[in-house]
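Peer 1: sequence plus predicted model, see below.
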Amino acid sequence: MVSEARKLHVIEEVLKIKSDDTLSALEDFLRKAKIKSKSKPKRSAFAEFSGIWSKEEAEEIERAIKEGCETIHPDDWK
């Protein structure tokens, strides 16, 4: 989430711009970013983690879960 303080800082920096070329470039960037964000489908909060493990790492995690979490120890219930 973008903080309000960061937004205000960006606004302050924009107000200091003296070059028409720089202002035009910023407007172009914002226009493109707006179009890009509209065309992107909403992603879940976990989507950024998708695909970061190799196949071997995923198999290792799966094995660890099966060995550690799917084992019932009858004495633990006493």
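Peer 2: The structure has been received and is ready for your questions. Everything numeric here is computed off the predicted structure, so don't read it as measured data.
Peer 1: so where do the helices sit in the protein?
Peer 2: Remark: helices assigned in the chain by DSSP state H are 4-15, 20-39, 55-69.
Peer 1: which of those helices sits closest to D76?
Peer 2: Of all those, helix 55-69 sits nearest to D76, with 12.7 Å by C-beta to C-beta. C-beta: built from backbone N, CA, C; applies to glycine.
Peer 1: so which elements touch that closest one?
Peer 2: Judged by 3 or more C-beta pairs under 8 Å, 6 or more residues apart in numbering; DSSP states H and E, helix 55-69 is in contact with no other helix or strand.
Peer 1: show residues contacting it.
Peer 2: Contacts with helix 55-69, where a contact means C-beta atoms under 8 Å, 6 or more residues apart in numbering, come from W53.
Peer 1: buried stuff in it?
Peer 2: Using 16 or more other C-beta atoms under 10 Å as the test for burial, helix 55-69 gives no buried residues.
Peer 1: can I get that helix in CSV, CA atoms only?
Peer 2: This file holds the C-alpha atoms of helix 55-69, laid out as CSV (Å, rounded to 0.1, in the frame of the first residue of the first chain):
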residue,chain,number,x,y,z
LYS,A,55,10.7,-28.3,-9.0
GLU,A,56,13.3,-29.9,-6.6
GLU,A,57,12.6,-27.3,-3.9
ALA,A,58,8.8,-27.8,-4.3
GLU,A,59,9.2,-31.6,-4.0
GLU,A,60,11.4,-31.1,-0.9
ILE,A,61,8.8,-28.9,0.8
GLU,A,62,6.1,-31.4,-0.1
ARG,A,63,8.1,-34.2,1.4
ALA,A,64,8.8,-32.2,4.6
ILE,A,65,5.1,-31.5,5.0
LYS,A,66,4.1,-35.1,4.5
GLU,A,67,6.8,-36.4,6.9
GLY,A,68,6.2,-33.7,9.6
CYS,A,69,2.6,-32.8,9.4
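Peer 1: on that earlier part again, with distance to E48 and mean pLDDT as extra columns, can I get the helices of the chain in TSV?
Peer 2: Formatted as TSV, those follow (distance: least, C-beta to C-beta, whole Å; pLDDT from 0 to 100):
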stretch	distance to E48	mean pLDDT
helix 4-15	20	92
helix 20-39	16	87
helix 55-69	16	88
